[in-house]
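[1] below is the sequence, then the predicted model.
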Amino acid sequence: MSSPTGSRILVSGGAGYIGSHAAYALKEAGYEPVIVDNLSTGNAWAVSFGTFEQGDIGDEEFIGAVYKKYEPVAAMHFAALIEVGESVKNPDKYFDNNRDRAARFFKTLNKHNVRKVVFSSTAAVYGDAGDAGPVSELSLTRPVNPYGQSKLEAEAYLRMLDAAGMRSVALRYFNVAGAAPVEAMIGEAHLPETHLIPRLILPLIDTPADLLRGLGLESGFAIYGNDYPTKDGTAIRDYIHVMDLVDAHLRALDYLLNGGETDIFNLGSGTGFSVMEIVDAARTALGRPHFAPPAAPRREGDPAILVASIAKAGKILNWKPARALPDIIGYAAAWHRSPFYREAIRDKIARAKIAQT
Ligand SMILES: NC(=O)c1ccc[n+]([C@@H]2O[C@H](COP(=O)([O-])OP(=O)(O)OC[C@H]3O[C@@H](n4cnc5c(N)ncnc54)[C@H](O)[C@@H]3O)[C@@H](O)[C@H]2O)c1
């Protein structure tokens with residue numbers, strides 16, 4: 001890879017789960033992350049791996065000022081709203097933030113000649129294409145919710161700027177989980193927590209009852225749908241460790257800095273696990289052999305199977321994930337058990353309560 005020494009990389013959404021891990025990996029690799037985040041869902045404690053500027057990606061003046069101060073050579077764009085259910089209830093909020101503000105952000109970057117962008121996209125752009133087999137970058141994109149649609153339209157806008165000299169890589173993530181080593185003091189701290197692995201783990205690792213209540217997990221974990229046409233009736237997904245994911249971002253950045261063309265890559269493990277298999281892995285990893293979660297009805301819009309073909313990222317970015325499912329669960333559990341996470345999420349729950357009153 002090229003020598004990153006001191007090169008500044010703008011990291012939008014760097015106070016969030018994946019953006020903070022990217023900043024950590026960039027710093028470790030010798031880059032200088034410049035984090036931009038409006039802290040709408042992110043965490044002020046997660047920005048310790050770079051310089052932090054609080055503001056909105058859609059604010060052209062703010063982004064322009066950040067550019068003038070730091071002159072970044074490239075950007076990684078993580079900032080977005082990510083709750084599928086909320087996007088169904090309030091699509092305008094998602095199109096405004098994830099598409100329109102993202103488009104303004106890309107335009108501002110282009111204006112300032114920051115013309116290498118790595119963009120966090122999502123497997124949600126594929127909708128239910130996975131039911132026909134592993135999903136490749138050529139599979140049909142037909143999102144089944146406003147979240148997926150807003151990300152797909154942001155992707156399209158960014159790709160359109162290619163004609164203006166902007167080179168970009170859209171990385172379509174499958175299910176991201178796990179955390180950096182616990183000493184890094186970063187990890188998933190979403191509120192509400194809608195992702196399967198933390199929802200499964202948190203009730204199994206002696207998380208204090210007030211936190212489970214605050215996270216909406218007081219009734220424990222339930223399996224949404226056990227009547228899918230899969231081997232055990234539960235939905236099949238592809239899980240990728242966040243550190244493998246951010247490794248792919250560094251490779252994508254290197255690819256762009258070395259003259260790579262605008263492109264799209266799937267990022268997953270390339271292997272599907274049913275919800276029941278994840279439950280099994282958690283039983284083993286967490287020493288809870290008798291754990292037997294109840295089944296609940298399917299959630300609307302949840303396809304039976306969504307597994308990535310990752311051959312393209314392997315070939316062009318020379319990337320392959322190195323961490324297996326037990327590592328994902330082990331790192332996630334270490335993070336969610338840490339006093340740091342517990343204090344941080346307690347504080348986030350308290351602030352959310354105050355904001356509601
Ligand atoms: N978590 C996953 O499993 C997953 C899967 C697929 C794709 N993604 C994509 O990865 C990216 C990061 O996801 P995450 O899980 O880290 O989410 P996150 O909510 O933890 O982080 C998003 C960050 O963006 C910030 N933000 C949102 N809108 C902003 C705006 N207008 N201006 C400035 N900052 C803003 C938030 O404050 C937050 O810190 C998103 O783009 C998401 O679509 C995530």
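    Looks like it arrived, so ask away.
[2] so what does Glu32 look like in phi/psi?
    phi -110, psi 100 (degrees, to the nearest 10).
[3] thinking it is in contact with Val11, fair?
    No. Taking CB atoms under 8 Å as the definition, Glu32 is not a contact partner of Val11, at 10.2 Å. Bear in mind the C-beta positions are built from the backbone N, C-alpha and C, glycine included.
[4] so where is this structure shaky, pLDDT-wise?
    The chain contains residues with pLDDT under 70 at 1-3.
[5] just the strands in it please.
    8-12, 32-37, 51-54, 74-77, 116-122, 167-173, 175-177, 223-224, 236-237, 239-241, 263-267, 273-274, 295-296, 305-306 (DSSP state E).
[6] re earlier: more crowded one of Glu32 and Val11?
    Shown here are Glu32 and Val11; by other CB atoms under 10 Å, Val11 has more neighbours (33 against 19).
[7] partners of that one in the sheet?
    Ile35, Met76 (DSSP bridges).
[8] is it true that it touches Pro33?
    Yes. Between Val11 and Pro33 there is a contact under CB under 8 Å: 4.8 Å.
[9] now do the shared contacts for those two.
    Common contacts of Val11 and Pro33, defined by CB atoms under 8 Å, 6 or more residues apart in numbering, comprise Ala22, Ala23, Leu26, Gly50.
[10] overlap in contacts, Glu32 and Val11.
    Counting by CB under 8 Å, 6+ apart, the residues touching both Glu32 and Val11 are Leu26, Gly50.
[11] re earlier: okay if I get the strands of the chain as JSON lines plus distance to the ligand?
    JSON lines is the format used below for the strands of the chain (distance: least, CB to the nearest ligand atom, whole Å):
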{"stretch": "strand 8-12", "distance to the ligand": "6"}
{"stretch": "strand 32-37", "distance to the ligand": "4"}
{"stretch": "strand 51-54", "distance to the ligand": "9"}
{"stretch": "strand 74-77", "distance to the ligand": "7"}
{"stretch": "strand 116-122", "distance to the ligand": "4"}
{"stretch": "strand 167-173", "distance to the ligand": "4"}
{"stretch": "strand 175-177", "distance to the ligand": "4"}
{"stretch": "strand 223-224", "distance to the ligand": "16"}
{"stretch": "strand 236-237", "distance to the ligand": "10"}
{"stretch": "strand 239-241", "distance to the ligand": "9"}
{"stretch": "strand 263-267", "distance to the ligand": "9"}
{"stretch": "strand 273-274", "distance to the ligand": "15"}
{"stretch": "strand 295-296", "distance to the ligand": "21"}
{"stretch": "strand 305-306", "distance to the ligand": "11"}
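[12] these: which one's closest to Leu202?
    When those are compared by CB to CB, strand 175-177 sits nearest Leu202, at 12.5 Å.
[13] quick one: distance of the lengthiest helix in the chain to the chain centre.
    Using DSSP state H, we find that the single longest helix of the chain is helix 339-356. Relative to its chain's centre, helix 339-356 lies at 21 Å (CA atoms, centre = their mean, to the nearest Å).
[14] burial measure for Ser309, as a count.
    Counted by other CB under 10 Å, the residues lying close to Ser309 total 18.
[15] please apply the same query to the one 10 residues further on.
    By other CB under 10 Å, the residues close to Trp319 number 22.
[16] next one: Arg299
    11.
[17] quick one, what contacts the residue nearest to it when sequence neighbours are not counted?
    Nearest residue to Arg299, sequence neighbours excluded (CB to CB, 6 or more residues apart in numbering): Tyr224, at 4.8 Å. Neighbour list for Tyr224: Ala235, Val275, Ala296, Pro297, Arg298, Arg299, Asp302 [criterion: CB under 8 Å, 6+ apart].
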